[in-house]
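S.K.: I'll drop the sequence and a predicted model, then ask my questions.
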Amino acid sequence: MEARSMFYPPGRKKSAVLTDSPFLKMESSTAEEAAADQLQLDSLHALSGEEDFDKLERGVQEGLRLLMRAKAAFLGAQNVPEVAEWLQSMNELGELGHPQRTVVGVVGSTGAGKSSVINAVLDEEALLPTNCMRACTAVITEIAWNSSSNPDDTYRAEIEFISSDDWRKELDILLHDIEGGQATFTSDNVGGDSEAAVAYQKIRAVYPHLKADDIRKGKFLVQNLVDDDSVKDLLGSVTTIADPSSTDFVNRLRGFVDSKEKTRGKKRESEKIEYWPLIKVVRIYVAAEILRSGLVLVDLPGVQDSNAARSAVASKYVEQCTGLWVVAPITRAVDDKTAKNLLGNAFKRQLQFDGTYSAVTVICSKADDLVVTEILSNISENEPAFQLHKKHQLIEAQLAETQEEHDPMVDRLADVQRRIDQHEEEELLLKPAIQNTEDDVNEIVVTTPKKSRKRPSRAAARSSRKRVRQLAQDDSENTGSGPDDSTSSSDDELEKEAIPLDVAVKRLEEIEAELERLRAERKSVKQLMKPTQKKLKELKRQLKQLTAERKAACIEYRNNYSRPAIQQQFADGIREIDEDNASRSNEAFDPRHPQRDYDEVAKKLKVFCVSSKGYQKMLGRLESDDVVGGFSQVEDTEIPSLKRHALDIVSDTLASSHRRFLRDLCRLLTTLHLRVVVTDQPLRIADELKEKETEFLTVALEELQTRVTQAIEQGSSSLLKLIDVNIFRKFPDAERIAVGDAVATVGGWGARKADGGLAWNTFRATCVRSGAFKGGKGPLNLNRALAEPLMGFIASSWERAFKHDLPKTLDAMAENIATQLAVFKKITDTREELKKLGSFPVVRRQIKLLERGIRDTGELKQTARRQQKEASRLAVPIIAECMTPAYKHCLTQNGIGVRERMNAYMTEYIETNRVSMFSLATAAMTEALHRLVEEIKKLIKKKAQRAVDMIHSDYRALLTNQEAFKVLEESRDAIYELLLEANHLFERVMLGLPPTPEVDMTERLASIGIKEEGRAC
């Protein structure tokens, strides 16, 4: 048997052009397999284990094109059952090859510069509004890749409005706020930040036709507002806007998200409806290059939004986030302990449950905003910025000294010039008068403006001189002009003086001589000034350059100071959480043996100190803004570094799925080779041997099935055990602690403000919103406060279970299953008759591919992460549901002693319901984690079963004539060509060569010396 006869059908000649590969071959156990290896997809094998994301990305693109060709080859054979299965597999594989969403959430306080940072990252000047105040900051905005090729849809947005049910709930809350805040209203004022004032503004924005007094007094029915013609068609709908121009698009988008209440006390600009209170989320699609690979940026106003619907959407986005960017102005980032506080302990705790500390990135915005003097007053003399400052001071001193030397010459020149101007003015008066004097006249009359007591300025002198010239010209050309002439002056404005002619001539001669001397002096002074002028120019240039360099050095110093400080604050914040967890649980905390390497935690935190404005200006945008100093090149703004970091997040997310796609593609192509290409081969095995080997394979495959099933059961049992040890067994103690703390927690809410309790209005507003309220002092969640002791008790063990133990257990389970496949392969290697079959090495290679696929647990881990995130979020909403009757009852209380009654009822309610409440919370989490194990088991079982079925099918094909495919001649021919070209394509990817231009395969085969019988070359 020839080494390559299994690949080429009878009549096809072989070529060495495509046989040699520089990449590693898979191990071969026989000489025949080694020869067959030349036929395998060695480059694709190597590429599926590649770390270079760019190569993986290009490999996937080549793979998708091959898939399209493979599907086209079977277009006329969909009715063949096995072909239909392949086409289904190709469709599923194609989905895996397309970009997946990598969500990065961007959070930060109002004015932090989130929108400016996002605009810079997208290379858009003003895609996101940056000055819409309350309304814009309340709208969740998602920005994703725009795949449309329609130029009219270059910028597109989908504006999703909240449902009518959500708006009804919101209006109920707003009505409660208005009723409870009547004392804050006056006859002509509804301003302020009180809940009642905010409620008024929201209703007034959406329903401008309502009378202000009716809103203030709550004279409206909620259902009537929901059914109002102006909103009923909007609620629950999605509005799409699109435009080829970013400017026009942004202006149209502002019509939805902007608020007309820009300034308190100003009259509304119009009586049109404002949409921002009704918007649930805005999705913007733009063809920004950074979004092409699946990156999705989400501007999150906060997970504790005053609108429940938006709050739920924001929480869901945070749950989906692969990365989380925290934006804070660099001027406040360190002092405000942005990284340490990180949106509050509750948010930080949730990050621990999610296992996403490493997903956090801190962005210090407005790096160009600094006062140089303040920086210089706080740095060492050895710092580059201070050294530049000393040079700056030296140049300033030299400049002052040179200027002092130069100024007297400037003054002298000015004096000379002033005298020249005076003499020229007098000359202009005398000369024309003398020249125009008749022979028999012995005196001349000179007309001049009335003299001012003050010496005229040079500008005034020039103006006067111009007027004199004009008058002289008028006198010479229009001797008969009267007072109506537009250039003449009235007698009140001019003086006439009679001068003897000889005196005038002599005076003119003296003036001309003096002018000649003064002009020579002026030339001499100018010559003397040239060296100092040149020196001043150079010193000013140096000073300007040093000013820029000094600011740049100050920016760099502050960046270098802020970055490690923020990293350390972040690590300190995690340490505090760990210590708090240890104090709540039974685990002893020894500071000499920290729970994690906090120095490493600090180092891993990515911190970028960016200047969005500087970046945009250096790229020619923001033309109306002043030049931003302190940056010599675009890279210094750190926006390019942030963009690379964003792409790294995408790469880390997609690399695993890309490798999985390439491995599955390799398996698919191998299967096509086994089923379709070998159809032309006769089956060379005697019937009795065929029967014997078939019986052997039947038994071996049954044993494989049994061992794989056992491995799955063992792995699932191990998963459940680790969750039981780390979490389920801790629930009783966690419940006990939460029950014990609940009464004190609730009592703290109702205590007087002086004793640390909530203000009554805040307490009421929180009850209106089922325990979750975002007021002027930040978010407040009473339900989370009740859950905190329970969640804090299990936090460390939860993190240990899902971040460390569970991934190891999944890997062990997968390894066990893969080992069973390897055992089966070893058993078949002992069958000499099977080994004689031409396709046996390919089938053996297929098992190795299946082993690698089983060992890839990325999908399992992703599923576990997603479901454990959902499970960890169950406690708070269940507690909120349990507390709802108490919140509603408190809202019915009014009059004298309302605080005491609310507090007493709340305390009584929690004493009665606390045990069942926390029991329900842990039961829900227990059920969710059981579902997690079952889902993992289901996925691994499906994956393993698919592998077993493929092995069964492949080995069956060794001993069975593939009659069904002999009739598919055109399909076989297309697959021949596809397989011939495949390895060459991926070889070029691995070598970093450009793609081969698509040519007709007949020409390609002929070009490499392959002639085919029965075909035109």
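M.R.: All right, it came through fine.

S.K.: report how many residues lie close to N816.
M.R.: Applying the criterion other CB atoms under 10 Å, we find 18 residues in the vicinity of N816. Where C-beta positions appear, they are placed from N, C-alpha and C, glycine not excepted.

S.K.: so who does it touch?
M.R.: Taking CB atoms under 8 Å, 6 or more residues apart in numbering as the contact definition, N816 lies against 711, 714-715.

S.K.: now do the SS call for the residue nearest in space to the middle of the chain.
M.R.: What sits nearest the mean C-alpha location of the chain, by CA atoms, centre = their mean, is L297, with 3.7 Å. Secondary structure state of L297, per DSSP: H, G, I helix; E, B strand; the rest coil, is strand.

S.K.: now list the buried members of the contacts of N816.
M.R.: Applying a neighbour-count criterion of 16 or more other CB atoms under 10 Å, the buried members of these are 711, 715.

S.K.: what about the strands in the stretch 51-200 of the chain?
M.R.: With DSSP state E, counting those that start in this stretch as the definition, the stretch 51-200 of the chain shows strands at residue ranges 102-107, 141-145, 155-161.

S.K.: quick one: closest of these to K551.
M.R.: Of all the strands of the stretch 51-200 of the chain, it is strand 102-107 that lies closest to K551, at 27.6 Å by CB to CB.

S.K.: confidence score at A339?
M.R.: The confidence metric pLDDT takes the value 62 at A339.

S.K.: tell me the buried residues in stretch 793-806?
M.R.: Using 16+ other CB under 10 Å as the burial criterion, the residues of stretch 793-806 that qualify are 793-803, 805-806.

S.K.: looking at those residues, which is nearest K753?
M.R.: Taking the buried residues of stretch 793-806 together and measuring to K753 by CB to CB, the closest member is F793, at 30.0 Å.

S.K.: which element is that closest one on?
M.R.: Counting by DSSP states H and E, the secondary-structure element that holds F793 is helix 782-799.

S.K.: just after that helix, pick out the following helix or strand.
M.R.: Note on helix 782-799: by DSSP H and E, the next helix or strand toward the C-terminus is helix 806-829.

S.K.: quick one, which of the strands of the stretch 51-200 of the chain is nearest to Q862?
M.R.: Distances from Q862 to each of the strands of the stretch 51-200 of the chain were compared using CB to CB; the shortest belongs to strand 102-107, at 12.2 Å.

S.K.: now the angle between strand 141-145 and the closest one, please.
M.R.: Between strand 102-107 and strand 141-145, the angle comes out at 150 degrees (axes from the mean of the first three to the mean of the last three CA atoms, to 10 degrees).

S.K.: do you know the pLDDT at V250?
M.R.: V250 carries a pLDDT value of 91.

S.K.: my read: it touches L127, true?
M.R.: Yes. The pair V250 / L127 is scored as a contact, 6.6 Å apart, by CB atoms under 8 Å.

S.K.: which stretches of the stretch 501-650 of the chain form strands?
M.R.: Defined through DSSP E, counting those that start in this stretch, the strands belonging to the stretch 501-650 of the chain, from first to last, are 606-609.

S.K.: what sits against I951?
M.R.: Going by CB under 8 Å, 6+ apart, I951 touches 701, 704, 821, 824, 846-847, 850.

S.K.: show me the shaky parts of the stretch 301-450 of the chain.
M.R.: Within the stretch 301-450 of the chain, the segments meeting pLDDT under 70 span 302-308, 336-343, 448-450.

S.K.: in it, which spans are helices?
M.R.: Defined through DSSP state H, counting those that start in this stretch, the helices belonging to the stretch 301-450 of the chain, from first to last, are 308-320, 330-333, 338-341, 345-354, 372-376, 384-435.

S.K.: among those helices, which comes closest to D724?
M.R.: Go through the helices of the stretch 301-450 of the chain one by one with CB to CB and the one that ends up closest to D724 is helix 345-354, at 18.0 Å.

S.K.: can I get stretch 750-765 in CSV, CA atoms only?
M.R.: Listed next in CSV are the C-alpha coordinates belonging to stretch 750-765 (Å, rounded to 0.1, in the frame of the first residue of the first chain):
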residue,chain,number,x,y,z
GLY,A,750,-35.2,53.2,63.2
ALA,A,751,-33.0,54.8,65.8
ARG,A,752,-32.9,58.5,66.0
LYS,A,753,-30.5,60.2,63.6
ALA,A,754,-28.3,61.4,66.5
ASP,A,755,-27.9,57.7,67.5
GLY,A,756,-26.8,56.7,64.0
GLY,A,757,-30.3,55.9,62.6
LEU,A,758,-31.8,56.9,59.3
ALA,A,759,-33.5,60.2,58.8
TRP,A,760,-37.2,59.7,58.8
ASN,A,761,-37.6,60.8,55.2
THR,A,762,-34.8,58.5,54.1
PHE,A,763,-36.3,55.6,56.1
ARG,A,764,-39.7,56.2,54.4
ALA,A,765,-38.2,56.6,50.9
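
S.K.: what does it contact?
M.R.: Under the criterion CB under 8 Å, 6+ apart, residues 176-177, 180-181, 194-195, 748-749, 766, 773, 775, 780, 890-891, 898-900, 902-904, 906-907 lie in contact with stretch 750-765.
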